[in-house]
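Participant: predicted coordinates and the sequence they were generated for:
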Amino acid sequence: MATNIVPHEIAELIRRKKALYCRSADTKQWRRFSEFALPEATFTFVDALTPDIPMTEGGQCMSFSHRDAFLDYFEERNKDLQYIHSVGPGELYFVDGKDGKEVKAIWSVIFHVGDGEETRGFHGTGAGYYHEVWVKVGDDWFIRSLRFERVYWKIVSLGTGVQ
């Protein structure tokens with residue numbers, strides 16, 4: 001029997017918090033991130049073709065050394081966008097040698113993003129995997145590190161209006 005299997009109660013708590021991560025981002029409730037990510041949590045976004053190099057977007061390196069740097073960037077960057085994240089059930093494992101106080105999670109994700117215009121503007125669809133480390137603090141669990149590896153990205157421009 002594997003010893004790194006995460007008990008249902010812990011796995012479900014982490015899954016619920018991951019769902020809250022997605023909903024908080026999708027609804028622009030950025031300050032709710034304190035409910036599931038440590039202040040010192042790191043966030044890095046890479047493309048599968050260059051997994052050792054953070055992506056760059058509009059001159060911004062997509063690697064953030066703490067939660068507030070991540071939030072400050074995305075709160076401004078995404079203020080006029082609409083998006084939705086849909087994550088899979090995740091693969092959760094205890095990290096060896098951490099006495100049950102650290103969990104590695106891998107989540108598949110599909111996301112859609114657009115500029116909010118119904119009949120013009122742009123629409124993008126992407127997919128990838130979140131690789132996260134969750135740590136136990138007291139009786140609760142928080143993201144310590146998040147690394148998103150994008151495996152698919154397609155963006156299309158929409159017409160200038162309804163025909």
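Facilitator: Here it is on my side, so go on.

Participant: go ahead and confirm Ser65 touches Thr44.
Facilitator: No - using C-beta atoms under 8 Å, Ser65 is not in contact with Thr44, being 9.6 Å away. (Each C-beta comes from the backbone N, C-alpha and C, glycine too.)

Participant: what helix or strand is the nearest residue to Ala11 once chain neighbours are set aside on?
Facilitator: In space, and not counting its chain neighbours, Ala11 is closest to Leu92: 5.0 Å by C-beta to C-beta, 6 or more residues apart in numbering. Using DSSP states H and E, Leu92 maps to strand 91-94.

Participant: that strand - contacts with which helices or strands?
Facilitator: Where contact means 3 or more C-beta pairs under 8 Å, 6 or more residues apart in numbering; DSSP states H and E, strand 91-94 is packed against helix 8-26, strand 102-114.

Participant: 6 Å - rerun?
Facilitator: strand 102-114 (3 or more C-beta pairs under 6 Å, 6 or more residues apart in numbering; DSSP states H and E).

Participant: would you map the helices across the chain?
Facilitator: Per DSSP state H, the chain carries helices over the ranges 8-26, 67-77.

Participant: which one's more surrounded, Ser65 and Thr44?
Facilitator: Thr44 (18 against 12; other C-beta atoms under 10 Å).
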